[in-house]
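>>> everything below, folded, please.
(one chain, ligands or ions: 1)
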Amino acid sequence: MKPAPFKYHDPRSVKDLVGLLASLENKKLLAGGQSLGPMLNFRYVMPDHLIDLNRIPELAYVCAGADTLEIGAMTRQRALERSEEVRSACPVMVEALHSVGHIATRNRGTIGGSLSHLDPAAELPGVCALHDATLTVSGPRGTRQVAMADWGMSFMTPDLSADEVLTGISLKTWREPHGHAFVELARRQGDFAMAGVGCLVALDANGKARRVAIALIGVTSTPVRLSTAEKSLTGTDLADDAIRAAAAEIDELEALEDAHASAAYRKRIAGVLLGRAIKRAVARARTPEHRQ
Ligand code: FAD
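Residues are numbered from 1 along each chain as shown. Got it, this is the predicted structure:
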């Protein structure tokens with residue numbers, strides 16, 4: 001199939017883009033096209049206007065601050081995967097990106113597209129949840145910030161109105177030495193995950209958990225932080241019994257059900273992956289460059 005007819009626009013600045021967002025009806029924004037392309041071809045979406053973001057240079061950047069990592073919405077997933085700033089400020093993002101599609105899709109796909117498309121199993125929204133990201137959205141009514149915890153309103157529905165564009169993402173980075181891990185289960189390399197777990201762990205001088213962050217993808221309609229589990233694991237030595245007790249929070253979640261996995265199976269996988277992620281993050285936290 002081919003897309004239904006549309007008028008093509010390629011603004012060169014956010015200012016011009018906002019002008020188009022204000023004046024055009026029934027429009028869609030084009031980023032890397034790795035999700036929107038098929039949706040247009042299947043006529044799943046039939047916009048009258050396609051606004052191309054690919055020629056707006058101010059939307060693509062990576063900038064590491066003292067305790068934040070600032071990323072432009074049009075930054076390619078592959079550029080993030082290969083970025084030294086990302087590797088040192090947010091290594092879990094690099095590990096997660098290895099599981100996003102394929103190199104070919106990552107060459108075009110963007111972080112803004114991934115967050116705006118908001119597939120429940122998308123890895124980058126999970127990483128943004130892990131790092132308490134703040135998202136900047138612009139439109140004819142001005143600019144606003146949205147906390148990642150509030151971004152996903154429901155299944156594939158971000159807090160983004162039709163005349164707004166996601167322009168930037170600010171991740172809170174962990175200044176203290178910490179271990180990280182992003183593990184998932186997908187049918188094949190490059191498939192969307194049936195479940196995935198991202199985890200950050202900082203240890204104190206006695207090897208106990210000083211700070212823990214855990215985010216799940218693919219289990220509920222939007223990425224979810226296991227805040228109860230994080231609290232229960234803090235102060236412990238992160239042994240198997242503490243992890244098993246913490247995993248109980250997963251059983252309370254309203255899990256997705258589809259042709260790939262039942263809700264019960266998804267939750268079971270997530271519990272197993274939680275243990276693997278915590279163990280991998282602890283092992284990394286114990287390596288010399290991370291010791292207190
Ligand atoms: P587009 O496809 O251009 O747009 C996606 C949606 O977001 C559209 O509705 C568009 O209007 C909107 N949008 C885009 N940018 C903005 C913005 N800045 N502001 C507001 N709205 C915006 N993703 C994963 O996370 N994990 C995977 O394992 C995975 N596997 C894949 C395998 C294949 C074979 C393919 C083709 C894709 C896969 N993807 C996967 C999806 C891929 O990561 C896409 O890049 C991503 O979902 C969308 O990013 P994009 O830049 O291509 O956005």
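>>> mind checking how far the one helix or strand Glu95 maps to is from the chain centre?
According to DSSP states H and E, Glu95 maps onto helix 91-97. Centre-to-centre, helix 91-97 and its host chain are 10 Å apart (C-alpha atoms, centre = their mean, to the nearest Å).
>>> and it, what other elements does it pack with?
Here helix 91-97 touches helix 77-81, helix 84-89, helix 123-130, strand 179-185, strand 195-203, going by 3 or more C-beta pairs under 8 Å, 6 or more residues apart in numbering; DSSP states H and E. Quick note: C-beta positions are derived from backbone N, CA and C, even for glycine.
>>> could those go into TSV alongside distance to the ligand and mean pLDDT?
Listed next are the helices and strands packed on helix 91-97 as TSV, based on distance: least, C-beta to the nearest ligand atom, whole Å; pLDDT from 0 to 100:
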stretch	distance to the ligand	mean pLDDT
helix 77-81	6	98
helix 84-89	16	96
helix 123-130	5	98
strand 179-185	9	98
strand 195-203	9	98
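>>> mean neighbour count and distance to Tyr61 added to the ones you listed, as a markdown table?
Output for the helices and strands packed on helix 91-97, formatted as a markdown table (neighbours: other C-beta atoms under 10 Å; distance: least, C-beta to C-beta, whole Å):
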| stretch | mean neighbour count | distance to Tyr61 |
| --- | --- | --- |
| helix 77-81 | 22 | 10 |
| helix 84-89 | 16 | 10 |
| helix 123-130 | 28 | 16 |
| strand 179-185 | 24 | 23 |
| strand 195-203 | 27 | 23 |
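>>> wait, does the helix holding Glu95 contact the ligand?
No - Helix 91-97 is not in contact with the ligand by C-beta under 6 Å from any ligand atom; minimum separation 8.7 Å.
>>> give me the residues contacting that helix.
Helix 91-97 is contacted by residues 77-78, 80-81, 86-87, 106, 123-124, 126-127, 130-131, 171, 180-182, 196, 198-200 when judged by C-beta atoms under 8 Å, 6 or more residues apart in numbering.
>>> and with 7 Å instead?
77, 80-81, 86-87, 106, 123-124, 126-127, 130, 180-182, 198, 200 (C-beta atoms under 7 Å, 6 or more residues apart in numbering).
>>> cool, and stretch 267-284?
For stretch 267-284, with C-beta under 7 Å, 6+ apart as the criterion, the contacting residues are 179-181, 183-185, 194-197, 199-201, 214, 216, 219, 238, 243, 247, 250-251, 253, 255, 290.
>>> so how far is the helix or strand encompassing Ser116 off the chain centroid?
Ser116 is located in helix 111-117, with elements delineated by DSSP H and E. Distance of helix 111-117 from its chain centroid, counting by C-alpha atoms, centre = their mean, is 8 Å.
>>> what's the longest helix in this protein?
In the chain, taking DSSP state H as the definition, the longest helix is helix 263-285.
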